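>>> With the input below, show me the fold.
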Amino acid sequence: MPSNPREAALRILHAADTRSAFSDRLLDGAYARGGPEGRDQALMHELVKGTLRWRGRLDHALDQLVHIGLSQVHPWIKNVLRMGAYQILLLDRIPAHAAVDESVKLANKYGHPGTAGLVNSVLRRLVEQKDAITYPEGDDAASLAVWGSHPQWITERWLQRFGVEQTRALMLADNRPSPVGLRVNRLRVTREQLIERLAADGVTANPARFASDLVWIEGQHSPGTLAAFRDGSCTVQDESECLVGRLVAPQPHERVLDLCAAPGGKCTHLAELMGDEGEVWALERAESRIDALESTVNRLHSHSIHVVLGDGRTYDFPMPFDRVLVDAPCSGLGVLGRRADARWRKGPEMLREMPPIQLELLVAGGRRARPGGVLVYSVCSFEPEETELLVERFLRQNPGFVLESPAGLVPDEVVDESGFMRVLPHVHGCDGAFAARFRRT
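The predicted structure is shown next:
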């Protein structure tokens, strides 16, 4: 990875744009493999995340200045323009002339003199006209999609369900920088001790509002560089994810199943909540993710976890479980703030393709729960097809289960009127999520 932060950011943006690469994984790789350091690392992160979040607005502004239309520009140069426009329009601390000059250099390197001239002309005009640029102000889906920098199909769904003001608030929440959450490993330290350890390393951490096991860290810090992370005193997790473990509420000496376990955040939390006394079976169908799962388990010193390679829909366990967690694959539309690239690569077909898989996994999880046992279903989405509608289908097809309220297990603020755990970015200030708790009768 180049040491130049703008060039490193460009490579990540190009990979996310042209081959649907995950920007978070590429950023982590840049941190680990000799990319930019220090302040340059922070600039690289800001350029990648900010350009992805605001791509809709940036494209709207650029399309008015590119005579052939932005869609006709080569992907390398298109992303040079987007990154330059982000610095000019939305980053006050970077001088406009520096944004233009550095962008022209990149256009020369990843294009040719002609594309460098295009970038120079377009960005200089953008600097001149930046105060006159307007964005659609209407409340229709097309206008809001540009204003809030989200695909129109998502905007249409949210408008129908939430109305104009909440849709605007949700979009703004998705476009705010997402802080890094660290879940304390209570087998090793308390939350207060973790905050003190981080402070000793120059990192400011604050207790989370809803999850008693979590802290938010200020500034841009790669978790892998923190001593407390490396020695297993904490792991990366968002507040909404952390609440799911509380909803499962495992007890010492129980047998627990995590049906979709990688990368290991939830199964290790379950082990910690049990005091590492009992059995946690962590099932994962993707062989490519087993190493990451085992690495997380080993780093957090979780001795009660048994990692198993297998498909949760078909894997045959000989024994029943006291509690089963089905943290199902989903559209991920609740985490568009943290995974800014995801909004541009997902389409509405996700909401047709995912629910049948989710229901199949939930039914399979239910078969593994003993009579009287607990079953929890969770997704990082708040779309009806993946949440309450799926729960209704499950209960109709499986009368041996009843819905239980999360009240008393998680804060009342995240429990909705239907008895589900529902977390919304613009309401709760963290990633969006949904969870339902069932009891097998």
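>>> Please make it C-alpha for all contacts and neighbour counts, starting now.
Will do.
>>> Would you map out the domains in the protein?
5-132, 141-174, 180-236, 239-440 (automatic domain parsing).
>>> I'd like those as TSV, with mean pLDDT and mean neighbour count appended.
Below are those laid out as TSV (pLDDT from 0 to 100; neighbours: other CA atoms under 10 Å):
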stretch	mean pLDDT	mean neighbour count
domain 5-132	92	19
domain 141-174	97	19
domain 180-236	95	18
domain 239-440	97	20
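>>> Make sure residue 262 is actually in contact with residue 296.
No - using CA atoms under 8 Å, residue 262 is not in contact with residue 296; the gap is 9.1 Å.
>>> packing partners for the lengthiest strand in the chain?
Assignment by DSSP state E gives strand 369-379 as the longest strand of the chain. Judged by 3 or more CA pairs under 8 Å, 6 or more residues apart in numbering; DSSP states H and E, the packing partners of strand 369-379 are helix 239-248, strand 321-327, helix 350-368, strand 433-440.
>>> I'd like the distance from the longest one to the chain centre, please.
Using CA atoms, centre = their mean, to the nearest Å, we find the averaged C-alpha position of helix 350-368 to lie 21 Å away from the chain's own average C-alpha position.
>>> which strands and helices sit next to it?
Using 3+ CA pairs under 8 Å, 6+ apart, helix 350-368 sits against strand 321-327, strand 369-379, helix 388-397.
>>> Relative to the longest strand of the chain, what are the paired strands and their orientations?
Using DSSP bridges, the strands paired with strand 369-379 in its sheet are strand 321-327 (parallel), strand 433-440 (antiparallel).
>>> Can you check which of those strands gets nearest to residue 136?
Nearest to residue 136, of all the strands paired with strand 369-379, is strand 433-440, at 30.0 Å by CA to CA.
>>> got the contact list for that closest one?
240-241, 244, 247-248, 334, 366, 369-382, 387, 391, 400-406, 419-424 (CA atoms under 8 Å, 6 or more residues apart in numbering).
>>> one more time with 6 Å, if that's ok
371-382, 400-404, 420-423 (CA atoms under 6 Å, 6 or more residues apart in numbering).
>>> Mind exporting the C-alpha coordinates of that strand to PDB?
Extracted in PDB, the C-alpha atoms of strand 433-440 (Å, rounded to 0.1, in the frame of the first residue of the first chain):
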ATOM      1  CA  ALA A 433     -30.100  -3.600  14.700                       C
ATOM      2  CA  PHE A 434     -33.100  -5.800  15.500                       C
ATOM      3  CA  ALA A 435     -33.500  -8.800  17.800                       C
ATOM      4  CA  ALA A 436     -36.300 -11.100  18.900                       C
ATOM      5  CA  ARG A 437     -36.300 -13.600  21.800                       C
ATOM      6  CA  PHE A 438     -38.400 -16.800  21.800                       C
ATOM      7  CA  ARG A 439     -39.000 -19.600  24.200                       C
ATOM      8  CA  ARG A 440     -39.600 -23.200  23.100                       C
END
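>>> so it versus helix 350-368, what angle?
Angle, strand 433-440 to helix 350-368, by axes from the mean of the first three to the mean of the last three CA atoms, to 10 degrees: 30 degrees.
>>> host element of residue 306?
strand 305-309 (DSSP states H and E).
>>> elements contacting that strand?
strand 279-284 (3 or more CA pairs under 6 Å, 6 or more residues apart in numbering; DSSP states H and E).
>>> right, and the helix or strand after the strand it packs on?
Counting by DSSP H and E, what follows strand 279-284 is helix 290-299.
>>> next one: that following helix to chain centre, how far?
Taking mean C-alpha positions (CA atoms, centre = their mean), helix 290-299 and its chain are 20 Å apart.
>>> Identify the residues contacting it?
Contacts of helix 290-299 (CA under 6 Å, 6+ apart): 232, 262-264.
>>> Name every strand pairing with the strand holding residue 306 and say which way it goes.
When DSSP bridges is applied, strand 305-309 pairs with strand 279-284 (parallel).
>>> Output the partner strand as PDB - backbone C-alpha positions only.
Provided in PDB are the C-alpha atoms of strand 279-284 (Å, rounded to 0.1, in the frame of the first residue of the first chain):
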ATOM      1  CA  GLU A 279     -20.100 -24.800  26.500                       C
ATOM      2  CA  VAL A 280     -20.400 -22.400  23.700                       C
ATOM      3  CA  TRP A 281     -20.500 -24.000  20.300                       C
ATOM      4  CA  ALA A 282     -19.500 -21.600  17.500                       C
ATOM      5  CA  LEU A 283     -20.700 -22.800  14.100                       C
ATOM      6  CA  GLU A 284     -19.500 -21.200  10.900                       C
END
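>>> relative to helix 239-248, how tilted is the longest strand of the chain?
170 degrees.
>>> any idea how far strand 369-379 is from the chain center?
The answer for strand 369-379 is 25 Å, by CA atoms, centre = their mean.
>>> With just CA atoms, put that strand into PDB.
Coordinates of each C-alpha in strand 369-379 appear next as PDB, following Å, rounded to 0.1, in the frame of the first residue of the first chain:
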ATOM      1  CA  ALA A 369     -33.200 -25.600  21.400                       C
ATOM      2  CA  ARG A 370     -34.300 -27.900  24.100                       C
ATOM      3  CA  PRO A 371     -37.900 -27.700  25.400                       C
ATOM      4  CA  GLY A 372     -38.000 -24.600  27.700                       C
ATOM      5  CA  GLY A 373     -34.900 -23.300  25.900                       C
ATOM      6  CA  VAL A 374     -34.300 -19.800  24.500                       C
ATOM      7  CA  LEU A 375     -33.900 -18.900  20.900                       C
ATOM      8  CA  VAL A 376     -32.700 -15.400  19.800                       C
ATOM      9  CA  TYR A 377     -32.800 -14.000  16.300                       C
ATOM     10  CA  SER A 378     -30.800 -10.900  15.400                       C
ATOM     11  CA  VAL A 379     -29.900  -8.900  12.300                       C
END
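>>> quick check: angle from it to helix 388-397?
Using the same axes, to 10 degrees: strand 369-379 against helix 388-397 is 160 degrees.
>>> Touching strand 369-379 from outside, list them.
Strand 369-379 is contacted by residues 320-328, 433-441 when judged by CA under 6 Å, 6+ apart.
>>> same thing but at 7 Å, please
Strand 369-379 has contacts (CA atoms under 7 Å, 6 or more residues apart in numbering) with 248, 320-330, 362, 366, 433-441.
>>> all strands for the protein, in order.
180-184, 205-207, 214-217, 234-236, 255-258, 279-284, 305-309, 321-327, 369-379, 401-404, 421-423, 433-440.
>>> For residue 46, find the nearest of the ones you listed.
Short answer: strand 180-184, nearest of the strands of the chain by CA to CA, at 13.9 Å.
>>> just how off-centre is the closest one within its chain?
Distance, centroid of strand 180-184 to centroid of chain: 14 Å (CA atoms, centre = their mean).
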